[in-house]
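Trainee: with the input below, show me the fold.
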Amino acid sequence: MRFLALAVAAGTSVVVAIVVGTPAAGAQGVRAIAPRDPSLRFQGPGTGDEVWRYEAVSATGEATVMPLRLTRHEEPFTQDGRRLIRVSFQYDGPLVSADTLVALIDGLVPVQEVLHTADAVYQFEYDGAHVAISTQRRDSAAQHTVRELATPAFPFNQGEMVMRALPLEVGYHVLLPLFSEIDQVVEVDTVTVESGPSGAPQAGDHWLVRFADGAEIRTYEIEAASRRIVSVNVVYRRNGRRSRLVRVS
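Mentor: Next up is the predicted model:
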């Protein structure tokens, strides 16, 4: 759930390195989750339509609603015999953009992504560690870029889908390689389950899952039974400021 602003060079092929967003103590022995990992289990049948609001949170915990709304839609479908999941984001307010991402349900392998911004349309075709990017700006010919990643990765906008599909249990800790459409590098970030039900999920049970990268720390509140995200608390590393995303429908 991140607004994307991209600058894509034309007609180039680049090998993209891995950068570690949040080095963790003892991370050498921590498992990394990548597309096609057999432990990933899509939590169907999809969330349908969701509406989210943004809140700025003061040092005393007071929340101020911000003029930015996110509408998210997720649904599974079948095409050419393949079981797929489509997730779309629509941002309305001072920042206006839309993103649609398609992935295989089995292993949550990313297939394609289309990002609309105020001045351009970006298309991403994912094939393992190979990412083909097409950029169409206003009154300009389409530009094409190829990125060869050092390892297969998930797009940033797929991050929440992946976290919901992990085998959640208290203490679970993994590294998550995410392809940043902004910087066009693969960041290896961390996901840690901080709390949750000790047995079979009951009504009202929630998982608290911590996601950390180089820019921010996010704590996701996830319904245990449905695996739907309820809220996201964000702390920005640079200045310590906080915000919150709350699902309102």
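
Trainee: pLDDT of the strand ranked longest in the chain, averaged?
Mentor: If you go by DSSP state E, the chain has its longest strand at strand 63-79. Averaged across strand 63-79, pLDDT comes to 90.

Trainee: SS state for Met161?
Mentor: helix (DSSP: H, G, I helix; E, B strand; the rest coil).

Trainee: residues near it, how many?
Mentor: 23 (other Cβ atoms under 10 Å). C-beta: built from backbone N, CA, C; applies to glycine.

Trainee: what of Gly128?
Mentor: Applying other Cβ under 10 Å, I find that Gly128 has 15 neighbouring residues.

Trainee: what comes up buried for the longest strand of the chain?
Mentor: By 16 or more other Cβ atoms under 10 Å, the buried positions in strand 63-79 come out as Leu68, Leu70, Arg72, Glu74.

Trainee: on contacts alone, who are the packing partners of that strand?
Mentor: Secondary-structure packing of strand 63-79 (3 or more Cβ pairs under 8 Å, 6 or more residues apart in numbering; DSSP states H and E): strand 48-57, strand 82-92, strand 242-247.

Trainee: reformat those as CSV; add distance to Glu181 and mean pLDDT.
Mentor: Converted to CSV, the helices and strands packed on strand 63-79 look like this (distance: least, Cβ to Cβ, whole Å; pLDDT from 0 to 100):
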stretch, distance to Glu181, mean pLDDT
strand 48-57, 20, 88
strand 82-92, 12, 93
strand 242-247, 19, 91
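
Trainee: mind giving me CSV with these and columns for mean neighbour count and distance to Arg147?
Mentor: Output for the helices and strands packed on strand 63-79, formatted as CSV (neighbours: other Cβ atoms under 10 Å; distance: least, Cβ to Cβ, whole Å):
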stretch, mean neighbour count, distance to Arg147
strand 48-57, 16, 30
strand 82-92, 18, 21
strand 242-247, 18, 29
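
Trainee: now render those strands as CSV, adding distance to Glu169.
Mentor: What follows is the helices and strands packed on strand 63-79, written out as CSV (distance: least, Cβ to Cβ, whole Å):
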stretch, distance to Glu169
strand 48-57, 25
strand 82-92, 23
strand 242-247, 23
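
Trainee: brilliant, that's me finished.
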